[in-house]
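In: got a predicted structure here, sequence first:
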Amino acid sequence: NAGVTQTPKFQVLKTGQSMTLQCAQDMNHNSMYWYRQDPGMGLRLIYYSASEGTTDKGEVPNGYNVSRLNKREFSLRLESAAPSQTSVYFCASTLDRGTYEQYFGPGTRLTVT
Amino acid sequence: SQQGEEDPQALSIQEGENATMNCSYKTSINNLQWYRQNSGRGLVHLILIRSNEREKHSGRLRVTLDTSKKSSSLLITASRAADTASYFCATDPRSSASKIIFGSGTRLSIRP
């Protein structure tokens, strides 16, 4: 099993450009999450999908959109990138919402200039 | 604002010593988890303790939970160089059915 995979690993964007971060899991998990990690801030939840077909906002959703394409895949889109979105982005999944351990991908390091 | 806050923010100890990290949170929880993050990598789950549990062990890890004080501690015994990492607590608030909230982490350095 690959676990949780994320693409790309690194990306540099200019202000105003758009891009989609891809995430996939092969563990048949129901819930998936997108976090961003900034220095000294821990992880902050951007969006999550408790189950296939549902998505909800987290703590810092502004400037992002998500799609739960199917049970395996959960993508994060930046429509018009801003320097404040420079961060490391992690995707995670869990068997079910709330009370189960989360499995994390390796992260995408995004720089917006 | 963060639900969980770790203390200390950074900790440096000699190999072989024990390391203790603390986490405080604000609202009632269903459970609390600890995660480790090696530099440049994703988080790895270490241990989960439920709100009706007071102590849990896993190998060299010991976690305690005091719901009356809204706090938890993670003890790593007989530390090794490979334990150098950041450690995060994550809480599952009762008010939030679908998500857990991470603290800002403790950076642990093990000196040889």
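Out: That came through, no problem.
In: spell out which parts of chain B neighbour chain A.
Out: B:2, B:30-31, B:33, B:35, B:40-45, B:48, B:50, B:88, B:90, B:92, B:96-105 (CB under 8 Å from any CB of the partner chain). Any C-beta I mention is one placed from the backbone N, CA and C, and that applies to glycine too.
In: list buried residues within those.
Out: B:2, B:30-31, B:33, B:35, B:42-43, B:45, B:48, B:88, B:90, B:92, B:96, B:98-105 (16 or more other CB atoms under 10 Å in any protein chain shown).
In: what segments of chain B are strands?
Out: Using DSSP state E, the strands of chain B run over B:4-7, B:10-14, B:19-25, B:29-37, B:43-50, B:55-58, B:61-66, B:71-76, B:85-93, B:101-102, B:106-111.
In: among those strands, which comes closest to A:G40?
Out: When the strands of chain B are compared by CB to CB, strand B:106-111 sits nearest A:G40, at 9.7 Å.
In: so A:T20 versus A:E73, what's the distance?
Out: Distance from A:T20 to A:E73, counting by CB to CB, to the nearest Å: 11 Å.
In: which of these two has more residues huddled nearby?
Out: Here A:T20 and A:E73 are compared on neighbour count by other CB atoms under 10 Å in any protein chain shown; more neighbours surround A:E73, at 16 against 13.
In: and the closest residue to that one other than its chain neighbours, bridged to which residues?
Out: Closest residue to A:E73 apart from its sequence neighbours, by CB to CB, 6 or more residues apart in numbering or on different chains: A:A24 at 4.9 Å. When assigned by DSSP bridges, A:A24 has beta-bridge partners A:T5, A:E73.
In: list the contacts for A:A24?
Out: A:4-5, A:72-74 (CB atoms under 8 Å, 6 or more residues apart in numbering or on different chains).
In: most surrounded residue in these?
Out: A:F74 (29 neighbours).
In: quick check, pLDDT for that residue.
Out: Looking at A:F74, its pLDDT stands at 98.
In: number of nearby residues for the nearest residue to it once chain neighbours are set aside?
Out: Distances taken as CB to CB, 6+ apart place A:M32 nearest to A:F74, at 4.0 Å, with adjacent residues excluded. Applying other CB under 10 Å, we find 29 residues neighbouring A:M32.
In: how about A:P8?
Out: A:P8 sits with 11 neighbouring residues when counted by other CB under 10 Å.
In: cool, the one 4 residues further on as well?
Out: Residue neighbour count, defined by other CB under 10 Å, stands at 12 for A:V12.
In: repeat for A:Y89
Out: 22.
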